[in-house]
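Enquirer: below is the sequence, then the predicted model.
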Amino acid sequence: MRIGVIGAGAWGTALAQVAAKDDMPVTLWAREPEVVAAINEKQENTAFLPEVKLSPGIRATGRLGELAGMDALLVVVPAQHVRAVLAETPVGTTPMVLCAKGIEARTHLLVGEVAAEVHPHAPLAVLSGPTFAKEVASGLPTAVTLACEDAALRSALAERLASKTFRPYGASDVIGAEIGGAVKNVLAIACGVVDGAGLGQNARAALIARGFAEMTRFGMARGAQPETLSGLSGLGDLVLTCSSTQSRNFSLGVGLGQGRPAGALLSDRRTVAEGAFTAPVLRESAEVQGIDMPVTKAVCDLLEGADVLRVIDDLLARPLKKERV
Ligand SMILES: NC(=O)c1ccc[n+]([C@@H]2O[C@H](COP(=O)([O-])OP(=O)(O)OC[C@H]3O[C@@H](n4cnc5c(N)ncnc54)[C@H](O)[C@@H]3O)[C@@H](O)[C@H]2O)c1
Ligand SMILES: O=P(O)(O)OC[C@H](O)CO
């Protein structure tokens, strides 16, 4: 199975490394000419995944046209750019594996729904889970959800990507796998705020549990299966991203919790913190459907410049309620 990877940020590069096991050939599209040059000349993505020696099987290109004729395409550009990049990519009926985590602004569509609009004849799968790119690219053990309605395609993709240290678990619930990855980024920002504001470990654990309830409410309303949400792509990734400054979303939250303005924190970075883009869309989407998402709303308030202590006070001052999803 010839694999093409669309997007050479940290995660696209790490997935190219996974697909290039045993030095199998992989074509990796990068937007930046300097990234193409660094990968082809130094076997390193110095901009987005420094200090990882890449497999000689990986060849970078700046031309999307070179992805024509692949057997599967991994789509790893940030969620807000998926539509534009896919519109320029020769896909046809080639299966696409969606690996970005987010919801498109304006349309409220998940990445898979965007991909289906742009290339309606391509079969779709979703790869998601607790996966810091650097650990994956360095060969540390990792497990992911690989969701696809077509069982034969799911097995073929899992076999192609699996290795001693990369273990895909199959699922058919594509929507559930996507929602877990998108929502956990927003909740990771909230957990970073708890850390940055010095609110303690009890508060962080409470936020993970109540955040998971929020993810479950939203996911069930969109047709996700509860077991997907409590699996690797939901709870698994939530726990990872809510616990480590390796997470860009968590780090953004730490800055917000320290009272630093969102604009400055976001303009300082070349890498993507998807939760900052997903949060307002998630809030809108939840409001339209009448789903209570107080943590998501609090993250939106902070991103819009609200005072951190006031936002925390407001969250804690809500009426007491039953513990349920
Ligand atoms: N980094 C991780 O550990 C990790 C793990 C799992 C999933 N993801 C997800 O993968 C997706 C990609 O994240 P990443 O970490 O690889 O990116 P990154 O933060 O390392 O790099 C930013 C990427 O955005 C691209 N970009 C910037 N502007 C663009 C534009 N206008 N059009 C197209 N592309 C543009 C850059 O070329 C670069 O590839 C995100 O949805 C992220 O949530 C990341
Ligand atoms: O660095 P983050 O917050 O984008 O998280 C990266 C991955 O999604 C972790 O699974």
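Expert: Here it is on my side, so go on. Residues are numbered from 1 along each chain as shown. Ligands and ions are numbered 1, 2, ... in the order given.
Enquirer: around ligand 2, pick out the residues from the stretch 201-325 of the chain.
Expert: With C-beta under 6 Å from any ligand atom as the criterion, the stretch 201-325 of the chain meets ligand 2 at residues 237, 240-241, 247-249, 274. The way it works is simple: take the backbone N, C-alpha and C, and place the C-beta from them, glycine included.
Enquirer: and the furthest pair within those residues?
Expert: 240 and 274 (14.3 Å; C-beta to C-beta).
Enquirer: compare those two (neighbour count), which wins?
Expert: Remark: of residue 240 and residue 274, residue 274 carries more neighbours, 23 against 20, as counted by other C-beta atoms under 10 Å.
Enquirer: touching, that one and residue 101? I think so.
Expert: Yes - if you go by C-beta atoms under 8 Å, residue 274 and residue 101 touch, sitting 5.5 Å apart.
Enquirer: tell me, what's touching these two both at once?
Expert: Common contacts of residue 274 and residue 101 (C-beta atoms under 8 Å, 6 or more residues apart in numbering): 79, 182, 185.
Enquirer: narrow these to those that are buried.
Expert: Among the shared contacts of residue 274 and residue 101, those that count as buried by neighbour count (16 or more other C-beta atoms under 10 Å) are 79, 182, 185.
Enquirer: on the three-state scheme, the last one is what?
Expert: So that's residue 185. Local secondary structure at residue 185 is given as helix here, using DSSP: H, G, I helix; E, B strand; the rest coil.
Enquirer: which ones are touching it?
Expert: Here residue 185 is in contact with 101-102, 241, 249, 273-275, 278 (C-beta under 8 Å, 6+ apart).
Enquirer: tally of neighbours for residue 31?
Expert: Neighbour tally, residue 31, other C-beta under 10 Å: 15.
Enquirer: contacting residues for it?
Expert: Per C-beta under 8 Å, 6+ apart, neighbours of residue 31: 7-8, 62, 77.
Enquirer: on that earlier part again, okay, the shared contacts of residue 274 and residue 101 in CSV with pLDDT and distance to residue 175 next?
Expert: Formatted as CSV, these follow (pLDDT from 0 to 100; distance: C-beta to C-beta, whole Å):
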residue, pLDDT, distance to residue 175
79, 98, 15
182, 98, 11
185, 98, 17
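Enquirer: isn't residue 66 right up against residue 28?
Expert: No - in this structure, residue 66 is not within contact of residue 28 by C-beta under 8 Å, at 10.0 Å.
Enquirer: could you chop this protein up by domain?
Expert: Annotated domains of the chain cover 3-172, 175-316 [automatic domain parsing].
Enquirer: turn those domains into TSV, columns for distance to residue 324.
Expert: Converted to TSV, those look like this (distance: least, C-beta to C-beta, whole Å):
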stretch	distance to residue 324
domain 3-172	25
domain 175-316	8
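Enquirer: tabulate these (JSON lines), appending distance to ligand 1.
Expert: Below are the domains of the chain laid out as JSON lines (distance: least, C-beta to the nearest ligand atom, whole Å):
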{"stretch": "domain 3-172", "distance to ligand 1": "2"}
{"stretch": "domain 175-316", "distance to ligand 1": "3"}
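Enquirer: follow-up on the earlier one: dump the residues of the stretch 201-325 of the chain next to ligand 2 to CSV, plus secondary structure and distance to residue 166.
Expert: Shown next, in CSV, are those (DSSP: H, G, I helix; E, B strand; the rest coil; distance: C-beta to C-beta, whole Å):
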residue, secondary structure, distance to residue 166
237, helix, 15
240, helix, 15
241, helix, 19
247, coil, 20
248, helix, 21
249, helix, 23
274, helix, 22
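Enquirer: among those, which ones are buried?
Expert: Neighbour-count burial (16+ other C-beta under 10 Å) is assigned, among those, to 237, 240-241, 247-249, 274.
Enquirer: good, we can wrap up now.
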